[in-house]
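>>> need a structure here:
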Amino acid sequence: MLPKSSIDKMKHTLSVLVEDESGVLSRIASLFARRGFNIESLAVGQAEQEGISRITMVVTGDARVIEQLNKQLYKLINVLKVSDITDSPCVERELMLLKVNATSSTRSEIVELAQIFRARVVDVAEDSLTLEVVGDPGKMVAIVQILQKFGLREIARTGRIALIRESRVNTEFLKSLETKA
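The predicted model follows:
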């Protein structure tokens with residue numbers, strides 16, 4: 001069993017709909033900074049309606065802290081809707097570019113590993129390969145761990161984006177059933 005402090009402070013994924021106006025992201029970031037919270041992942045882009053943007057962020061805190069942040073976000077002008085989608089069945093994705101050392105003797109092994117993760121080679125140099133990886137955050141961690149032995153030169157990640165599954169199917173729950181079988 002995890003210690004109480006580990007259970008209380010967990011990563012939360014917040015989906016925030018805002019009016020697409022200059023300064024909105026700055027005001028949100030300032031709100032978090034004033035309260036001493038770090039945004040671990042941040043992605044911003046146009047939402048389904050023109051003039052509206054969706055900000056997806058990952059922050060660490062207990063339920064009380066996240067509730068307080070939600071209330072503070074709603075006080076900001078231009079914030080239309082705040083949703084903590086942490087416990088909702090979601091589709092989550094990230095994009096990562098990963099530059100890895102590749103010699104003539106390791107290149108084919110790296111390409112084989114990339115294929116297992118459905119990563120694409122997007123640049124080839126004499127002594128490196130650049131891979132594009134798209135997937136859930138766990139996939140990003142796994143491929144980084146696997147490729148570390150070759151030497152990682154650079155990593156660039158977009159941050160998590162997420163939408164609630166309309167089907168309400170919780171794939172994490174289904175995965176846990178598969179491992180028990």
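
>>> quick one: list the elements packing against the helix or strand Ala156 falls within.
Counting by DSSP states H and E, the element that carries Ala156 is strand 152-157. Contact partners of strand 152-157 among helices and strands, from 3 or more Cβ pairs under 8 Å, 6 or more residues apart in numbering; DSSP states H and E: strand 90-101, helix 137-147. Using the backbone N, CA and C atoms, a C-beta is placed for each residue, glycine as well.

>>> right, so these: which one is the most enclosed?
Mean neighbours per residue, mean count of other Cβ atoms under 10 Å, is largest over these for strand 90-101, with a mean of 18.

>>> name the surrounding residues that touch that one.
Strand 90-101 is contacted by residues 13, 41, 110, 119, 122-123, 127-137, 140, 143-144, 147, 150-165 when judged by Cβ atoms under 8 Å, 6 or more residues apart in numbering.

>>> tilt between the strand holding Ala156 and helix 137-147?
Here the directions of strand 152-157 and helix 137-147 differ by 170 degrees (axes from the mean of the first three to the mean of the last three Cα atoms, to 10 degrees).

>>> after strand 152-157, next one along is what?
Heading C-terminal from strand 152-157 (DSSP H and E), you reach strand 161-164.

>>> next, the buried residues of that following strand.
Ile161, Ala162 (16 or more other Cβ atoms under 10 Å).
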